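Give me a 3D structure for the following:
(one chain, ligands or ions: 3)
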Amino acid sequence: MDKMTPLSDIGKQTNSQKIGVLLSNLGTPDGTDYWSVRRYLAEFLSDRRVIEAPRLFWLFVLNTLILTTRPQRKGEDYATIWNRDRNESPLKTITRSQAEKLQQSIRDGLLGNSKSNVIVDWGMRYGNPSLKTATERLVARGCERILFVPLYPQYSAATSATACDKLFKVLASMRYQPALRVATPYYDQDTYIDAIAGSLAGRLLSSGFEPDVIVASFHGMPLSTYLAGDPYYVHCHRTADLIRTRLGLSQERLIVTFQSRFGRAEWLKPYTDETIKALAANGARRIAVVTPGFSADCLETIEEIGQENAKYFFDEGGDVFARIDCLNDSDRGMRVIEALVQRELSGWV
Ligand SMILES: C=CC1=C(C)c2cc3[nH]c(cc4nc(cc5[nH]c(cc1n2)c(C)c5CCC(=O)O)C(CCC(=O)O)=C4C)c(C)c3C=C
Ligand SMILES: [Fe+2]
Ligand SMILES: [Fe+2]
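Ligands and ions are numbered 1, 2, ... in the order given. This is a model prediction of the structure:
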């Protein structure tokens, strides 16, 4: 009896109508040094949703082969894209800005008169700021309902599902859980297709060149995940079909490829690097590369596409390589997130 909350305090626990919107992306290391990258890769690559290989075998390979060498090499890659003003990776800077801009739009009336009831925060699946910290912050600010928005347009178990797993685990430790909604993937939503098509057309117009081919490069996944029923491959192709239709492009003019292959197993094909080399070798001189599967620029877009793959293209004789920025926190990008949040909050605001 002694430990019960005094009646005068009960209102403090129960009178809130506040709603949290929790934006989430994949995550990124805290620094470019060996140990920061190692900590990040260890967490990421120990996730069974990401690596589906037999456990003991994989943990052996991870600890003996991968975590001994990859952190140094990837740390050097991260250093080439690092945001030195803030001492963080671009993925973090952009995700924070998306959250701040969304909060501002809500203050400006995006959700009608729910201006002060909706609190936006952000958290990463791996590394910092964690989903745990962000969720606890929202709850501490009185949110009894949370809309979770994994910023992956196309669903995959290795991204969307594992983000949910993590959040559910956070809630599993709470006595008084907030009610939870999870935003759907948005690979075929009009605002998203318009935004990608608009950013592509805008960039090509402003740089005044006609690419021989436009490459839509999505992050890869092991082929086995597709065969096991993961909808990611189909979602990527649906997105590309809709962009083609929106821009009146043929199948040959806008092609789909998959990047960032990891390990020796077969991944979704065609591979971005091989395709880009072959395009140049077969006479393409000007290409544009768009990365619609990434809601924010990161190592995989800025370094892998903008540096590594651009070099492959030039080495094979290509002349112009235009990497189209992700939607990021641009007006177009914010419209996509705003439309998603507006739709998913219906009935709550
Ligand atoms: C090893 C398996 C991996 C799968 C499967 C995978 C799927 C996947 N990843 C993204 C988005 C991002 N991945 C990023 C980096 C990254 N991805 C993997 C591995 C897999 N990804 C690794 C090991 C890394 C780290 C870098 C490296 O060591 O190569 C990032 C960038 C993070 C950053 O800090 O900038 C993003 C974003 C998607 C969308 C996806 C499946 C659909
Ligand atoms: Fe990845
Ligand atoms: Fe990569």
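
Let me know whether stretch 73-85 sits next to ligand 1.
Yes. Applying Cβ under 6 Å from any ligand atom, one finds that stretch 73-85 is in contact with ligand 1 at residue 74. C-beta coordinates here come from the backbone N, C-alpha and C atoms, glycine included.

what distance separates the start and the end of that stretch?
23 Å (Cα to Cα, to the nearest Å).

Please list the outside residues in contact with that stretch.
Contacts with stretch 73-85, where a contact means Cβ atoms under 8 Å, 6 or more residues apart in numbering, come from 29, 32-34, 36-37, 41, 88-90, 92-93, 299, 302-303, 307.

Could I get the buried residue list for that stretch?
74, 75, 77, 78, 81, 82 (16 or more other Cβ atoms under 10 Å).

and those near ligand 3, which?
Residues of the buried residues of stretch 73-85 in contact with ligand 3 (Cβ under 5 Å from the ion): none.

Mind picking the one among these that's closest to ligand 1?
Minimum distance to ligand 1 across the buried residues of stretch 73-85 is 4.3 Å, recorded for residue 74 (Cβ to the nearest ligand atom).

chain center to the strand or helix carrying the closest one: distance?
Using DSSP states H and E, residue 74 sits in helix 67-79. Centre-to-centre, helix 67-79 and its host chain are 21 Å apart (Cα atoms, centre = their mean, to the nearest Å).

Same question for stretch 116-124.
For stretch 116-124, the distance to the chain centre is 17 Å (Cα atoms, centre = their mean).

Make residue 1 into 672 and carry on from there
Yes, from this point I'll number from 672; that puts the last item at stretch 787-795.

In that stretch, which residues are buried?
Buried residues in stretch 787-795 (16+ other Cβ under 10 Å): 788, 789, 790, 791, 792, 793, 794, 795.

And these, which is closest to ligand 3?
Taking Cβ to the ion as the measure, ligand 3 lies nearest residue 795 of the buried residues of stretch 787-795, at 17.4 Å.

Spell out the secondary structure type for the closest one.
Secondary structure state of residue 795, per DSSP: H, G, I helix; E, B strand; the rest coil, is strand.

Kindly provide the distance from it to residue 690.
With distances taken as Cβ to Cβ, to the nearest Å, residue 795 is found 21 Å from residue 690.

Break down the stretch 772-921 of the chain into its strands, ranges please.
789-798, 814-821, 850-853, 884-890 (DSSP state E, counting those that start in this stretch).

Tell me which other helices or strands the second one touches.
Just to be clear, that refers to strand 814-821. Applying 3 or more Cβ pairs under 8 Å, 6 or more residues apart in numbering; DSSP states H and E, we find strand 814-821 packed against strand 689-699, helix 833-843, strand 850-853, helix 1002-1015.

Then the shortest one?
Contact here means 3+ Cβ pairs under 8 Å, 6+ apart; on that basis strand 850-853 packs against strand 814-821, helix 833-843.

what angle sits between the longest one and strand 789-798?
In this structure, helix 833-843 runs at an angle of 110 degrees to strand 789-798, with axes from the mean of the first three to the mean of the last three Cα atoms, to 10 degrees as the basis.

do helix 833-843 and ligand 1 meet?
No. Residues of helix 833-843 are not located near ligand 1 by Cβ under 6 Å from any ligand atom, the shortest gap being 9.6 Å.

Which positions in that helix come out as buried?
Those would be 833, 834, 835, 837, 838, 841, for helix 833-843 by 16+ other Cβ under 10 Å.

I'd like these as CSV, with distance to residue 872 and pLDDT appended.
Below are those laid out as CSV (distance: Cβ to Cβ, whole Å; pLDDT from 0 to 100):
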residue, distance to residue 872, pLDDT
833, 34, 98
834, 31, 98
835, 34, 98
837, 37, 98
838, 36, 98
841, 41, 98
